[in-house]
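Asks: The following comprises the amino acid sequence and a computationally predicted model.
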Amino acid sequence: MTRSLTLLGATGSIGASTLDLVRRDRDAWRVEALTAHSSAAELAALAREFGAKIAVVSNEACLPALRAALAGSGIEAAGGRQALCEAATRPVDMTVAAIVGCAGLAPVMAAIERGGTIALANKEALVSAGEVLMQAVAKHGATLLPTDSEHNAIFQCLSGNRLSDVARITLTASGGPLRTWSAEQLAAATPAQAVAHPNWSMGAKISVDSATMMNKGLEYIEAFHLFPVGLDRLDIVVHPQSVIHSMVEFRDRSTLAQLGPSDMRVPIASCLAWPRRMETPLAPLDLAAIGELTFFPPDEERFPATRLAREAIRAGGSAPAILNAANEVAVAAFLAGQIGFTRIAAVVEETLQRSNDSPRPATLDEVLAVDQSARRQALTLLETNALV
Ligand code: NAD
Ligand code: MG
(Lines give C-alpha, C1' and ligand atoms only; values in the text may rest on other atoms or scores of the structure.)
(Ligands and ions follow the chains in the order given, each with its own letter.)
Protein backbone atom coordinates (compact mmCIF):
# COMPACT_ATOMS: atom_id res chain seq x y z
CA MET A 1 0.00 0.00 0.00
CA THR A 2 1.38 3.41 -0.96
CA ARG A 3 1.54 6.05 1.76
CA SER A 4 1.96 9.78 1.30
CA LEU A 5 4.86 11.68 2.83
CA THR A 6 5.82 15.30 3.42
CA LEU A 7 9.41 16.06 4.38
CA LEU A 8 10.10 19.41 6.04
CA GLY A 9 13.85 20.08 5.76
CA ALA A 10 14.50 17.74 2.83
CA THR A 11 18.01 19.04 2.08
CA GLY A 12 19.46 18.47 5.55
CA SER A 13 21.10 15.51 7.21
CA ILE A 14 17.85 13.98 8.53
CA GLY A 15 16.22 14.81 5.19
CA ALA A 16 18.92 12.88 3.32
CA SER A 17 18.62 9.87 5.66
CA THR A 18 14.83 9.85 5.23
CA LEU A 19 15.04 10.07 1.44
CA ASP A 20 17.65 7.31 1.38
CA LEU A 21 15.09 4.98 3.00
CA VAL A 22 12.31 6.17 0.69
CA ARG A 23 14.58 5.70 -2.35
CA ARG A 24 15.10 2.04 -1.37
CA ASP A 25 11.36 1.40 -1.33
CA ARG A 26 9.98 3.79 -3.96
CA ASP A 27 6.68 1.96 -4.40
CA ALA A 28 5.80 2.30 -0.73
CA TRP A 29 5.73 6.13 -0.81
CA ARG A 30 4.14 8.99 -2.70
CA VAL A 31 5.94 12.25 -1.92
CA GLU A 32 3.64 15.24 -1.45
CA ALA A 33 5.82 18.17 -0.30
CA LEU A 34 9.56 18.70 0.07
CA THR A 35 10.93 21.86 1.69
CA ALA A 36 14.26 23.61 2.20
CA HIS A 37 15.35 27.03 3.36
CA SER A 38 17.33 28.34 0.42
CA SER A 39 19.05 25.52 -1.50
CA ALA A 40 16.70 25.79 -4.47
CA ALA A 41 18.72 23.73 -6.96
CA GLU A 42 19.19 20.84 -4.56
CA LEU A 43 15.52 20.92 -3.55
CA ALA A 44 14.38 20.99 -7.18
CA ALA A 45 16.55 17.97 -7.99
CA LEU A 46 15.03 16.03 -5.09
CA ALA A 47 11.50 17.10 -6.02
CA ARG A 48 12.07 15.85 -9.57
CA GLU A 49 13.65 12.59 -8.42
CA PHE A 50 10.83 11.78 -6.01
CA GLY A 51 8.01 13.23 -8.11
CA ALA A 52 6.88 15.60 -5.35
CA LYS A 53 3.66 17.55 -5.88
CA ILE A 54 5.10 20.73 -4.41
CA ALA A 55 8.53 22.11 -3.42
CA VAL A 56 8.84 25.02 -1.00
CA VAL A 57 11.75 27.29 -0.14
CA SER A 58 11.08 29.13 3.11
CA ASN A 59 13.45 31.90 2.02
CA GLU A 60 11.22 33.67 -0.47
CA ALA A 61 14.18 35.28 -2.24
CA CYS A 62 15.03 31.80 -3.54
CA LEU A 63 11.64 31.21 -5.16
CA PRO A 64 12.63 32.48 -8.65
CA ALA A 65 15.57 30.04 -8.66
CA LEU A 66 13.29 27.20 -7.54
CA ARG A 67 10.72 28.08 -10.24
CA ALA A 68 13.42 28.11 -12.89
CA ALA A 69 14.85 24.78 -11.73
CA LEU A 70 11.39 23.17 -11.77
CA ALA A 71 10.29 24.63 -15.13
CA GLY A 72 8.50 22.04 -17.24
CA SER A 73 8.35 19.47 -14.45
CA GLY A 74 4.72 20.06 -13.48
CA ILE A 75 5.86 20.37 -9.85
CA GLU A 76 4.40 23.33 -8.02
CA ALA A 77 6.93 25.81 -6.56
CA ALA A 78 6.25 28.02 -3.56
CA GLY A 79 8.21 30.32 -1.28
CA GLY A 80 8.05 32.00 2.11
CA ARG A 81 7.11 31.06 5.65
CA GLN A 82 3.38 31.08 4.96
CA ALA A 83 3.84 28.71 2.01
CA LEU A 84 5.91 26.43 4.24
CA CYS A 85 3.06 26.21 6.77
CA GLU A 86 0.51 25.68 4.01
CA ALA A 87 2.57 22.80 2.64
CA ALA A 88 2.66 21.30 6.15
CA THR A 89 -1.15 21.35 6.33
CA ARG A 90 -1.63 19.29 3.16
CA PRO A 91 -3.14 15.94 4.14
CA VAL A 92 -0.54 13.16 4.20
CA ASP A 93 -0.05 9.88 6.03
CA MET A 94 3.34 10.92 7.43
CA THR A 95 5.13 14.21 8.01
CA VAL A 96 8.84 14.09 8.79
CA ALA A 97 9.75 17.29 10.66
CA ALA A 98 13.48 17.80 9.99
CA ILE A 99 13.94 21.57 9.93
CA VAL A 100 16.66 22.79 12.27
CA GLY A 101 15.82 25.29 15.00
CA CYS A 102 12.74 27.15 16.17
CA ALA A 103 12.17 27.95 12.46
CA GLY A 104 10.50 24.53 12.32
CA LEU A 105 7.96 25.30 15.02
CA ALA A 106 5.18 26.91 12.95
CA PRO A 107 5.13 24.19 10.24
CA VAL A 108 5.20 21.46 12.92
CA MET A 109 2.25 23.15 14.60
CA ALA A 110 0.45 23.30 11.24
CA ALA A 111 0.93 19.53 10.79
CA ILE A 112 -0.28 18.90 14.36
CA GLU A 113 -3.39 21.03 13.86
CA ARG A 114 -4.26 18.85 10.89
CA GLY A 115 -4.19 15.88 13.27
CA GLY A 116 -1.45 14.17 11.32
CA THR A 117 1.23 11.63 12.16
CA ILE A 118 4.51 13.47 12.64
CA ALA A 119 7.99 11.97 12.92
CA LEU A 120 9.60 14.73 14.96
CA ALA A 121 13.35 15.27 14.61
CA ASN A 122 13.08 19.06 15.10
CA LYS A 123 13.75 19.06 18.86
CA GLU A 124 14.00 22.85 19.14
CA ALA A 125 10.25 23.11 18.40
CA LEU A 126 9.47 20.96 21.41
CA VAL A 127 11.97 22.77 23.64
CA SER A 128 10.57 26.22 22.82
CA ALA A 129 6.91 25.32 22.81
CA GLY A 130 6.62 22.07 24.77
CA GLU A 131 3.31 22.71 26.54
CA VAL A 132 1.71 24.48 23.56
CA LEU A 133 2.70 21.67 21.18
CA MET A 134 1.69 18.81 23.48
CA GLN A 135 -1.68 20.43 24.18
CA ALA A 136 -2.26 20.81 20.45
CA VAL A 137 -1.30 17.16 19.90
CA ALA A 138 -3.97 16.10 22.41
CA LYS A 139 -6.58 18.54 21.11
CA HIS A 140 -6.22 17.62 17.44
CA GLY A 141 -5.58 13.91 17.94
CA ALA A 142 -2.19 14.08 16.24
CA THR A 143 0.42 11.33 16.63
CA LEU A 144 3.95 12.38 17.52
CA LEU A 145 6.63 9.78 16.78
CA PRO A 146 9.95 10.69 18.43
CA THR A 147 12.73 10.55 15.83
CA ASP A 148 15.64 11.84 17.87
CA SER A 149 17.59 8.61 18.50
CA GLU A 150 17.36 8.81 22.31
CA HIS A 151 13.64 9.54 22.34
CA ASN A 152 12.98 6.93 19.74
CA ALA A 153 14.86 4.45 21.95
CA ILE A 154 12.75 5.43 24.97
CA PHE A 155 9.57 5.22 22.88
CA GLN A 156 10.52 1.68 21.88
CA CYS A 157 11.42 0.69 25.48
CA LEU A 158 8.09 2.04 26.74
CA SER A 159 6.05 0.12 24.20
CA GLY A 160 3.68 -2.19 26.08
CA ASN A 161 4.57 -0.61 29.42
CA ARG A 162 2.78 1.90 31.61
CA LEU A 163 4.36 5.32 32.25
CA SER A 164 3.31 4.93 35.89
CA ASP A 165 5.67 1.93 36.22
CA VAL A 166 8.72 3.94 35.12
CA ALA A 167 11.29 4.56 37.84
CA ARG A 168 13.82 6.37 35.65
CA ILE A 169 14.53 7.32 32.07
CA THR A 170 18.24 7.64 31.23
CA LEU A 171 19.31 9.55 28.15
CA THR A 172 22.69 8.48 26.84
CA ALA A 173 25.11 11.10 25.49
CA SER A 174 28.19 10.42 23.38
CA GLY A 175 29.92 13.37 25.02
CA GLY A 176 30.81 14.75 21.58
CA PRO A 177 34.21 15.21 19.94
CA LEU A 178 35.65 17.38 22.76
CA ARG A 179 34.61 15.12 25.64
CA THR A 180 38.13 14.61 27.01
CA TRP A 181 39.41 18.17 26.41
CA SER A 182 40.57 20.37 29.31
CA ALA A 183 38.87 23.71 30.03
CA GLU A 184 41.81 25.54 28.41
CA GLN A 185 41.63 23.40 25.28
CA LEU A 186 37.85 23.91 25.08
CA ALA A 187 38.26 27.70 25.17
CA ALA A 188 40.34 27.44 21.97
CA ALA A 189 38.21 24.85 20.13
CA THR A 190 37.50 25.76 16.50
CA PRO A 191 34.25 25.19 14.58
CA ALA A 192 35.97 22.45 12.53
CA GLN A 193 36.97 20.62 15.71
CA ALA A 194 33.54 21.04 17.30
CA VAL A 195 31.61 19.63 14.32
CA ALA A 196 33.88 16.59 13.88
CA HIS A 197 31.62 14.18 15.74
CA PRO A 198 33.18 10.74 16.31
CA ASN A 199 29.98 8.65 15.96
CA TRP A 200 27.27 10.60 14.15
CA SER A 201 27.18 12.54 10.88
CA MET A 202 24.79 15.48 11.40
CA GLY A 203 24.06 19.10 10.45
CA ALA A 204 26.40 21.82 11.76
CA LYS A 205 24.11 23.19 14.47
CA ILE A 206 23.35 19.90 16.20
CA SER A 207 27.02 18.91 15.87
CA VAL A 208 28.05 22.00 17.85
CA ASP A 209 25.22 21.30 20.34
CA SER A 210 26.64 17.83 20.73
CA ALA A 211 30.11 19.23 21.45
CA THR A 212 28.79 21.67 24.09
CA MET A 213 26.38 19.04 25.48
CA MET A 214 23.53 21.49 24.86
CA ASN A 215 22.13 18.80 22.58
CA LYS A 216 21.62 16.63 25.68
CA GLY A 217 20.18 19.61 27.53
CA LEU A 218 17.65 20.17 24.73
CA GLU A 219 16.92 16.43 24.71
CA TYR A 220 16.33 16.46 28.47
CA ILE A 221 13.61 19.07 27.93
CA GLU A 222 12.32 17.18 24.89
CA ALA A 223 12.04 14.00 27.00
CA PHE A 224 10.21 15.89 29.76
CA HIS A 225 7.45 16.77 27.28
CA LEU A 226 7.30 13.49 25.37
CA PHE A 227 7.40 11.18 28.40
CA PRO A 228 5.77 12.94 31.36
CA VAL A 229 7.34 11.01 34.24
CA GLY A 230 8.61 14.16 36.01
CA LEU A 231 12.04 15.74 36.09
CA ASP A 232 13.17 13.65 39.07
CA ARG A 233 12.95 10.54 36.91
CA LEU A 234 15.05 11.91 34.04
CA ASP A 235 18.76 11.26 34.01
CA ILE A 236 21.75 11.66 31.67
CA VAL A 237 24.76 9.35 31.36
CA VAL A 238 27.74 9.77 29.03
CA HIS A 239 28.27 6.68 26.88
CA PRO A 240 30.98 7.42 24.28
CA GLN A 241 30.29 4.41 22.01
CA SER A 242 26.69 5.53 21.17
CA VAL A 243 25.51 1.92 21.02
CA ILE A 244 22.85 2.18 23.72
CA HIS A 245 20.58 4.99 22.57
CA SER A 246 18.75 5.37 25.91
CA MET A 247 17.21 3.27 28.68
CA VAL A 248 14.10 2.95 30.79
CA GLU A 249 14.23 1.50 34.29
CA PHE A 250 10.96 0.25 35.78
CA ARG A 251 9.97 0.10 39.44
CA ASP A 252 10.82 -3.60 39.64
CA ARG A 253 14.44 -2.53 38.75
CA SER A 254 14.24 -4.07 35.33
CA THR A 255 15.95 -1.84 32.76
CA LEU A 256 15.19 -1.92 29.03
CA ALA A 257 17.65 -0.37 26.60
CA GLN A 258 17.56 0.07 22.84
CA LEU A 259 20.81 -0.65 20.97
CA GLY A 260 21.73 -0.11 17.36
CA PRO A 261 24.22 1.35 14.90
CA SER A 262 24.75 5.12 15.32
CA ASP A 263 22.93 5.92 12.10
CA MET A 264 19.77 8.02 12.08
CA ARG A 265 18.23 5.75 9.46
CA VAL A 266 17.45 3.33 12.32
CA PRO A 267 15.18 5.66 14.34
CA ILE A 268 13.79 7.21 11.15
CA ALA A 269 12.87 3.73 9.86
CA SER A 270 11.24 2.97 13.19
CA CYS A 271 9.01 6.03 12.70
CA LEU A 272 8.31 5.49 9.00
CA ALA A 273 7.22 1.88 9.56
CA TRP A 274 5.56 2.39 12.97
CA PRO A 275 3.91 0.36 14.41
CA ARG A 276 5.59 -2.20 12.20
CA ARG A 277 9.25 -2.60 11.11
CA MET A 278 11.05 -2.15 7.81
CA GLU A 279 14.43 -3.07 6.34
CA THR A 280 17.39 -0.69 6.55
CA PRO A 281 20.65 -1.11 4.62
CA LEU A 282 22.72 -1.18 7.83
CA ALA A 283 25.11 -3.88 8.93
CA PRO A 284 24.05 -5.97 11.94
CA LEU A 285 25.24 -4.74 15.32
CA ASP A 286 28.50 -6.56 16.13
CA LEU A 287 28.91 -6.30 19.90
CA ALA A 288 32.00 -8.51 19.97
CA ALA A 289 33.71 -6.12 17.54
CA ILE A 290 32.63 -3.12 19.62
CA GLY A 291 34.01 -4.92 22.66
CA GLU A 292 33.33 -2.42 25.42
CA LEU A 293 30.49 -0.18 26.45
CA THR A 294 31.51 2.50 28.97
CA PHE A 295 29.55 5.03 31.03
CA PHE A 296 30.47 8.27 32.83
CA PRO A 297 28.56 10.96 34.72
CA PRO A 298 28.31 14.27 32.82
CA ASP A 299 30.96 16.85 33.79
CA GLU A 300 28.96 20.05 34.21
CA GLU A 301 32.06 22.07 35.11
CA ARG A 302 33.53 21.78 31.63
CA PHE A 303 30.13 21.40 29.92
CA PRO A 304 27.59 23.59 31.77
CA ALA A 305 24.86 23.31 29.11
CA THR A 306 23.00 20.39 30.70
CA ARG A 307 22.84 22.31 33.98
CA LEU A 308 21.42 25.34 32.14
CA ALA A 309 18.78 23.18 30.47
CA ARG A 310 17.81 21.49 33.74
CA GLU A 311 17.52 24.87 35.43
CA ALA A 312 15.46 26.26 32.55
CA ILE A 313 12.89 23.47 32.54
CA ARG A 314 12.68 23.56 36.35
CA ALA A 315 12.09 27.31 36.21
CA GLY A 316 9.49 26.74 33.50
CA GLY A 317 7.67 29.77 32.09
CA SER A 318 9.49 31.17 29.10
CA ALA A 319 12.94 29.94 30.22
CA PRO A 320 13.19 26.92 27.85
CA ALA A 321 12.29 29.08 24.82
CA ILE A 322 14.86 31.68 25.91
CA LEU A 323 17.51 28.98 26.41
CA ASN A 324 16.87 27.61 22.94
CA ALA A 325 16.83 31.01 21.18
CA ALA A 326 20.03 32.19 22.90
CA ASN A 327 21.71 28.90 22.01
CA GLU A 328 20.73 29.22 18.34
CA VAL A 329 22.20 32.73 18.21
CA ALA A 330 25.37 31.71 20.09
CA VAL A 331 25.98 28.60 17.96
CA ALA A 332 25.59 30.66 14.77
CA ALA A 333 28.08 33.21 16.14
CA PHE A 334 30.53 30.44 17.04
CA LEU A 335 30.23 28.85 13.59
CA ALA A 336 30.83 32.31 12.04
CA GLY A 337 34.04 32.66 14.06
CA GLN A 338 32.66 35.52 16.18
CA ILE A 339 32.89 33.90 19.63
CA GLY A 340 34.88 31.17 21.28
CA PHE A 341 33.48 27.72 22.05
CA THR A 342 33.04 28.21 25.80
CA ARG A 343 31.22 31.53 25.16
CA ILE A 344 28.24 29.62 23.77
CA ALA A 345 27.05 28.46 27.19
CA ALA A 346 28.02 31.83 28.70
CA VAL A 347 25.80 33.68 26.19
CA VAL A 348 22.92 31.33 27.00
CA GLU A 349 23.32 31.76 30.76
CA GLU A 350 23.62 35.53 30.52
CA THR A 351 20.60 35.81 28.19
CA LEU A 352 18.53 33.77 30.65
CA GLN A 353 19.61 36.04 33.50
CA ARG A 354 18.84 39.26 31.62
CA SER A 355 15.51 38.18 30.16
CA ASN A 356 12.43 39.08 32.12
CA ASP A 357 10.91 36.11 33.83
CA SER A 358 7.72 36.13 31.81
CA PRO A 359 4.90 33.60 32.31
CA ARG A 360 4.68 30.45 30.27
CA PRO A 361 3.75 31.30 26.68
CA ALA A 362 0.25 29.96 26.07
CA THR A 363 0.06 30.22 22.27
CA LEU A 364 2.32 29.74 19.29
CA ASP A 365 2.52 33.52 18.79
CA GLU A 366 3.55 34.04 22.41
CA VAL A 367 6.31 31.44 22.05
CA LEU A 368 7.55 33.12 18.88
CA ALA A 369 7.52 36.52 20.64
CA VAL A 370 9.65 35.12 23.49
CA ASP A 371 11.97 33.53 20.92
CA GLN A 372 12.41 36.84 19.06
CA SER A 373 13.07 38.90 22.17
CA ALA A 374 15.60 36.35 23.51
CA ARG A 375 17.39 36.45 20.15
CA ARG A 376 17.61 40.25 20.37
CA GLN A 377 18.95 39.99 23.92
CA ALA A 378 21.58 37.42 22.90
CA LEU A 379 22.61 39.50 19.88
CA THR A 380 22.95 42.57 22.10
CA LEU A 381 25.27 40.60 24.36
CA LEU A 382 27.35 39.59 21.35
CA GLU A 383 27.44 43.12 19.87
CA THR A 384 28.39 44.83 23.12
CA ASN A 385 30.96 42.15 23.90
CA ALA A 386 29.38 42.06 27.34
CA LEU A 387 30.94 38.68 28.02
CA VAL A 388 34.51 39.26 26.88
P1 NAD B 1 20.58 20.30 8.75
O2 NAD B 1 21.18 21.62 9.03
O3 NAD B 1 21.41 19.27 8.08
O4 NAD B 1 19.25 20.50 7.86
C5 NAD B 1 18.28 21.41 8.22
C6 NAD B 1 17.16 21.47 7.19
O7 NAD B 1 16.28 22.53 7.60
C8 NAD B 1 17.61 21.80 5.78
O9 NAD B 1 16.77 21.16 4.85
C10 NAD B 1 17.42 23.32 5.70
O11 NAD B 1 17.18 23.79 4.38
C12 NAD B 1 16.20 23.52 6.56
N13 NAD B 1 16.20 24.84 7.20
C14 NAD B 1 17.26 25.45 7.80
N15 NAD B 1 16.90 26.65 8.27
C16 NAD B 1 15.58 26.81 7.98
C17 NAD B 1 14.64 27.87 8.17
N18 NAD B 1 15.00 29.02 8.78
N19 NAD B 1 13.38 27.68 7.74
C20 NAD B 1 13.02 26.54 7.12
N21 NAD B 1 13.87 25.50 6.88
C22 NAD B 1 15.15 25.65 7.30
O23 NAD B 1 20.01 19.76 10.15
P24 NAD B 1 19.86 18.25 10.62
O25 NAD B 1 21.11 17.78 11.23
O26 NAD B 1 19.20 17.43 9.54
O27 NAD B 1 18.83 18.42 11.84
C28 NAD B 1 17.45 18.69 11.63
C29 NAD B 1 16.73 18.58 12.96
O30 NAD B 1 16.80 17.23 13.42
C31 NAD B 1 17.36 19.43 14.08
O32 NAD B 1 16.36 19.91 14.93
C33 NAD B 1 18.23 18.43 14.82
O34 NAD B 1 18.42 18.79 16.18
C35 NAD B 1 17.41 17.17 14.70
N36 NAD B 1 18.20 15.93 14.80
C37 NAD B 1 19.18 15.69 13.89
C38 NAD B 1 19.95 14.54 13.96
C39 NAD B 1 21.00 14.24 12.95
O40 NAD B 1 21.62 13.17 13.02
N41 NAD B 1 21.28 15.09 11.99
C42 NAD B 1 19.71 13.65 15.01
C43 NAD B 1 18.69 13.91 15.92
C44 NAD B 1 17.94 15.07 15.80
MG1 MG C 1 19.70 12.77 19.83
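Replies: Looks like it arrived, so ask away. Ligands and ions are numbered 1, 2, ... in the order given.

Asks: Which residue ranges of the chain form strands?
Replies: Listed in chain order, the strands of the chain (DSSP state E) span 3-8, 29-36, 54-57, 76-79, 94-97, 117-120, 143-146, 166-173, 234-238, 244-250, 255-259.

Asks: Now tabulate the ones you listed in TSV and tack on mean neighbour count and mean pLDDT.
Replies: To be clear about C-beta, it is placed using only N, CA and C from the backbone, and glycine gets the same treatment. Shown next, in TSV, are the strands of the chain (neighbours: other C-beta atoms under 10 Å; pLDDT from 0 to 100):
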stretch	mean neighbour count	mean pLDDT
strand 3-8	24	98
strand 29-36	24	98
strand 54-57	27	99
strand 76-79	20	98
strand 94-97	27	98
strand 117-120	24	98
strand 143-146	21	98
strand 166-173	22	98
strand 234-238	19	98
strand 244-250	22	98
strand 255-259	17	98
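
Asks: I'd like to check which residues are in contact with residue 271.
Replies: Counting by C-beta atoms under 8 Å, 6 or more residues apart in numbering, residue 271 touches 94, 96, 119, 145-147, 152.

Asks: Check the gap between the nearest residue to it once chain neighbours are set aside and residue 369 for me.
Replies: Of all residues not flanking residue 271 in the chain, residue 119 sits nearest, at 3.7 Å (C-beta to C-beta, 6 or more residues apart in numbering). Residue 119 sits 28 Å away from residue 369, going by C-beta to C-beta, to the nearest Å.

Asks: repeat for residue 51
Replies: Distance from residue 51 to residue 369, by C-beta to C-beta: 39 Å.

Asks: Also residue 232?
Replies: 31 Å.

Asks: More neighbours: the two, which one.
Replies: residue 369 (15 against 7; other C-beta atoms under 10 Å).

Asks: could you pull out the helices for the stretch 151-300 of the chain?
Replies: 183-187, 191-195, 204-212, 214-226, 265-273, 287-290 (DSSP state H, counting those that start in this stretch).

Asks: for the residue lying closest to residue 354 once chain neighbours are set aside, what are its contacts?
Replies: Excluding its sequence neighbours, the residue lying closest to residue 354 (C-beta to C-beta, 6+ apart) is residue 377, at 5.7 Å. Counting by C-beta under 8 Å, 6+ apart, residue 377 touches 322, 326, 351, 354-355.

Asks: What's the ChimeraX line that selects buried ones from those?
Replies: The following ChimeraX line selects those of the contacts of residue 377 that are buried, judged by 16 or more other C-beta atoms under 10 Å:
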select :322,326,351,355
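
Asks: Please list the residues of the stretch 201-350 of the chain that sit near ligand 1.
Replies: Within the stretch 201-350 of the chain, the positions adjacent to ligand 1 are 202-203, 205-206, 264 by C-beta under 6 Å from any ligand atom.

Asks: ok, 5 Å please
Replies: Within the stretch 201-350 of the chain, the positions lying close to ligand 1 (C-beta under 5 Å from any ligand atom) are 202-203, 206, 264.

Asks: Any idea which residue of the stretch 251-388 of the chain lies closest to ligand 1?
Replies: residue 264 (4.3 Å; C-beta to the nearest ligand atom).

Asks: before we move on, what about the stretch 201-350 of the chain?
Replies: residue 203 (2.7 Å).

Asks: what residues are up against that residue?
Replies: 12-14, 100.

Asks: what does residue 15 give?
Replies: 7, 9, 36, 96, 98.

Asks: Stretch 115-129 close to ligand 1?
Replies: Yes. Stretch 115-129 lies within reach of ligand 1 by C-beta under 5 Å from any ligand atom, at 121-123.

Asks: want to throw these into CSV with distance to residue 164?
Replies: Shown next, in CSV, are these (distance: C-beta to C-beta, whole Å):
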residue, distance to residue 164
121, 28
122, 29
123, 25
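
Asks: among those, who's most crowded?
Replies: Neighbour counts for those (other C-beta under 10 Å) peak at residue 121, which has 32 neighbours.

Asks: so how far is residue 73 from it?
Replies: 27 Å.

Asks: next one: residue 237
Replies: Residue 237 sits 49 Å away from residue 73, going by C-beta to C-beta.

Asks: Could you report the neighbour count for residue 150?
Replies: When neighbours are defined as other C-beta under 10 Å, residue 150 has 27 of them.

Asks: so who does the closest residue to it other than its chain neighbours touch?
Replies: Leaving aside its sequence neighbours, residue 150 sits nearest to residue 246 (C-beta to C-beta, 6+ apart; 4.2 Å). Residues counted as contacts of residue 246 (C-beta under 8 Å, 6+ apart) are 149-151, 153-154, 157, 169-172, 257-258.

Asks: Quick check: pLDDT value at the closest residue to ligand 1 within the chain.
Replies: At 1.9 Å from ligand 1, residue 12 is the closest residue in the chain, using C-beta to the nearest ligand atom. pLDDT, residue 12: 98.

Asks: wait, it sits on residue 96?
Replies: No. The criterion here is C-beta atoms under 8 Å, and residue 12 misses it with residue 96 at 10.6 Å.

Asks: Any chance you could list what contacts stretch 73-92?
Replies: Counting by C-beta under 8 Å, 6+ apart, residues outside stretch 73-92 touching it are 4-6, 8, 32-33, 35, 44, 47-48, 51-63, 66-67, 70, 95, 106-108, 110-111, 113-114, 116.
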